[in-house]
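Just need the structure, nothing else, for what follows:
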Amino acid sequence: MTRIGLISDVHANLPALEAVLSALSKRGVERIVCCGDLVDYAPWPIEVISCLREMNVLCVQGNHDAAAVGAFPIDGFTEEARVTVDWTRAVLSPVETAYLAALEQVHTEDDFVVVHGSLRGPLWEYVRDPFVAGESFPLLTRQIGFFGHSHIQGGYMSVSGNVKAIDPHMKLSILPDTKYLINSGSVGQPRDGDPRAAYAVIDLHDGRGSVSFERVSYDIGAVVRAIDRAGLQHWLGERLEVGR
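As a prediction, the model looks like this:
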């Protein structure tokens, strides 16, 4: 049995990441997988990258990671988001920039595939409904795909071509002859109305196993104050307080 800690969308929120990593340690995970967007929005991009590298976390590239190194156009971002990209570019050293630039957009192993957005659009496509999920399942070369980008816990499962949403409030059993797209939610900026940092724990063994969707509290007030001190937009902190 392999126990995996799944995280995504840290967005430079170091206190949230530290809370999640502590929770995963208590769960006895053997490795950690991150579905991208390490940077932007909060003021600790260097520290987050350093932490994930030190812990040998498997990361793929998200759209904000690519934007921070000039590899993804930001004209589709909101004006506020473009400001945070510029701020992040200014503070990253060549070491962090090179690390983000070298991340894979899609990573495949024996048991799973990891992507930020979708298998059809690794950096840009949101998987937020069964129809879009259905477009990705034919591209899924393993039983399980891990993804992020939407900041919403849950995902989708496909049984005999029938796609349905996964309820993140219930423990999910992984069964043979079923394919899964799993989203652990956002560590650093949840958008489902729950401000606690989101993650998931996956147990895998010979095509079977389980997924547990988890949350952990952290000091959001400290992050809001740090955002203000860094000169980032105050609303970036306000949204953390309401999970939006």
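
next SSE after the worst-scoring helix or strand of the chain on mean pLDDT?
Between all helices and strands in the chain, the lowest mean by mean pLDDT, DSSP states H and E belongs to helix 79-91, at a mean of 85. Going down the chain from helix 79-91, the next helix or strand is helix 94-102, by DSSP states H and E.

Show me where the chain dips below the pLDDT cut-off.
By pLDDT under 70, the chain has no low-scoring segment.

For the residue lying farthest from the centre of it, which non-adjacent residue is spatially closest?
In the chain, the residue that sits farthest from the middle, by CA atoms, centre = their mean, is Ser160; the gap is 27.8 Å. Of all residues beyond its chain neighbours, the one nearest Ser160 is Asp177 (8.0 Å), with distances taken as CB to CB, 6 or more residues apart in numbering. C-beta coordinates here come from the backbone N, C-alpha and C atoms, glycine included.

Surely that neighbour and Val159 touch.
Yes. Counting by CB atoms under 8 Å, Val159 is a contact partner of Asp177 at 7.4 Å.

More neighbours: which of those two?
Taking other CB atoms under 10 Å, Asp177 and Val159 do not tie; Val159 has more neighbours (11 against 8).

That one pairs with what?
Judged by DSSP bridges, the bridge partners of Val159 are Asn162, Thr178.

That one and Phe72, how far apart?
34 Å (CB to CB, to the nearest Å).

ditto for Tyr99
Taken as CB to CB, the span from Tyr99 to Phe72 is 16 Å.

what's the answer for Gln61, then?
Using CB to CB, Gln61 is found at 9 Å from Phe72.

what about those two, which has more around it?
When Gln61 and Phe72 are compared for neighbours, Gln61 comes out ahead with 27 against 18, by other CB under 10 Å.

Would you map the strands across this structure?
Assigned strands in the chain, in chain order: 2-7, 31-34, 58-59, 106-108, 112-115, 144-147, 153-159, 162-165, 172-174, 178-184, 197-205, 208-216 (criterion: DSSP state E).

can you list these in JSON lines and add distance to Leu232?
Shown next, in JSON lines, are the strands of the chain (distance: least, CB to CB, whole Å):
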{"stretch": "strand 2-7", "distance to Leu232": "22"}
{"stretch": "strand 31-34", "distance to Leu232": "22"}
{"stretch": "strand 58-59", "distance to Leu232": "23"}
{"stretch": "strand 106-108", "distance to Leu232": "30"}
{"stretch": "strand 112-115", "distance to Leu232": "28"}
{"stretch": "strand 144-147", "distance to Leu232": "27"}
{"stretch": "strand 153-159", "distance to Leu232": "25"}
{"stretch": "strand 162-165", "distance to Leu232": "34"}
{"stretch": "strand 172-174", "distance to Leu232": "36"}
{"stretch": "strand 178-184", "distance to Leu232": "25"}
{"stretch": "strand 197-205", "distance to Leu232": "19"}
{"stretch": "strand 208-216", "distance to Leu232": "24"}
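
Among those strands, show me which one is buried the most.
Sort the strands of the chain by mean neighbour count, taking mean count of other CB atoms under 10 Å, and strand 144-147 sits at the top with a mean of 27.

how far does that one sit from the chain's center?
With CA atoms, centre = their mean, to the nearest Å as the basis, strand 144-147 stands 11 Å off its chain's centre.

do the same with stretch 200-215
16 Å.

can you check stretch 162-174 too?
Remark: stretch 162-174 is offset 18 Å from the chain centroid, using CA atoms, centre = their mean.

Helix 94-102 and the least confident helix or strand of the chain, what's the angle between them?
Helix 79-91 and helix 94-102 are oriented at 130 degrees to each other (axes from the mean of the first three to the mean of the last three CA atoms, to 10 degrees).

export helix 79-91 as PDB, just CAs?
In PDB, the C-alpha atoms belonging to helix 79-91 read as follows (Å, rounded to 0.1, in the frame of the first residue of the first chain):
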ATOM      1  CA  GLU A  79      -5.500  43.300 -13.800                       C
ATOM      2  CA  GLU A  80      -5.000  42.400 -10.100                       C
ATOM      3  CA  ALA A  81      -3.600  39.000 -11.000                       C
ATOM      4  CA  ARG A  82      -1.100  40.600 -13.500                       C
ATOM      5  CA  VAL A  83       0.200  42.800 -10.700                       C
ATOM      6  CA  THR A  84       0.900  39.800  -8.500                       C
ATOM      7  CA  VAL A  85       2.700  38.100 -11.400                       C
ATOM      8  CA  ASP A  86       4.900  41.200 -11.800                       C
ATOM      9  CA  TRP A  87       5.600  41.200  -8.000                       C
ATOM     10  CA  THR A  88       6.500  37.600  -8.000                       C
ATOM     11  CA  ARG A  89       8.800  37.900 -11.000                       C
ATOM     12  CA  ALA A  90      10.600  40.800  -9.200                       C
ATOM     13  CA  VAL A  91      11.300  38.800  -6.100                       C
END
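
Nice, that's everything, thank you.
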